[in-house]
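K.L.:
Here is my input; please provide its structure:
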Amino acid sequence: MVIDLTRLRNGIDSEVIVDETYSVPKEDLEHTGVTSIDDVKITGTITVDSMQEIYLNLEVNGAMIIPCAITLKPVNYPFSINIEGTLEEILEETPEKTINCQNRLDILPIIWENILMEIPMRVVSEDAEDVELSGDGWRLITDDEKKENSELSKLKDLL
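P.N.:
Predicted coordinates for the structure are as follows:
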């Protein structure tokens, strides 16, 4: 999503209005744990401040499909991100290469980096509460039930 900044830098326009819908390609989702991210709505403005720096004010809204941690059924996980700041500040936080010449700016790497930060570690669907969490010779141990190793707990007494 390359934005032309020529009219903005020359003072012809006071702002560039961004109003786009984007779907993340499957190959970008390979190692993220996300099944799909479709119809991400990107709205906002790009302006030049008094110091002649590019200033972004973007709102990114969408939903990602993530497998449930217990049942592996798809769970719809909505997200809303506000990206605000000067281009220089935002690019310091974005490790990916961004097309940033004098007159063009690719905002997709900035948006993608912010979406990646919104991916939760795990999601549990509402249907997972009814799932049997034990069986013949096994049961699910939750974080609350984890016990300390008795051999290691003896070492605590020494300290």
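
K.L.:
contacts and neighbour counts: CA atoms only from here.
P.N.:
OK.

K.L.:
element containing the one residue sitting closest to the centre of the chain, please.
P.N.:
Compute the mean C-alpha point of the chain, and by Cα atoms, centre = their mean the closest residue is residue 115, 2.0 Å away. If you go by DSSP states H and E, residue 115 is part of helix 108-118.

K.L.:
right, and the helix or strand after that helix?
P.N.:
Helix 108-118 is succeeded, C-terminally, by strand 134-135 (DSSP H and E).

K.L.:
Tell me which helix or strand comes right after that next one.
P.N.:
Counting by DSSP H and E, what follows strand 134-135 is strand 138-139.

K.L.:
That following strand - what's its average pLDDT?
P.N.:
What strand 138-139 shows for mean pLDDT is 76.

K.L.:
What residues sit buried inside the helix holding residue 115?
P.N.:
109-111, 114-115 (16 or more other Cα atoms under 10 Å).

K.L.:
Quick check, residue 62 in contact with residue 111.
P.N.:
No: if you go by Cα atoms under 8 Å, residue 62 and residue 111 don't touch, sitting 11.8 Å apart.

K.L.:
can you map out the helices along the protein?
P.N.:
For the chain, helices defined by DSSP state H occupy the ranges 6-9, 87-93, 108-118, 150-158.
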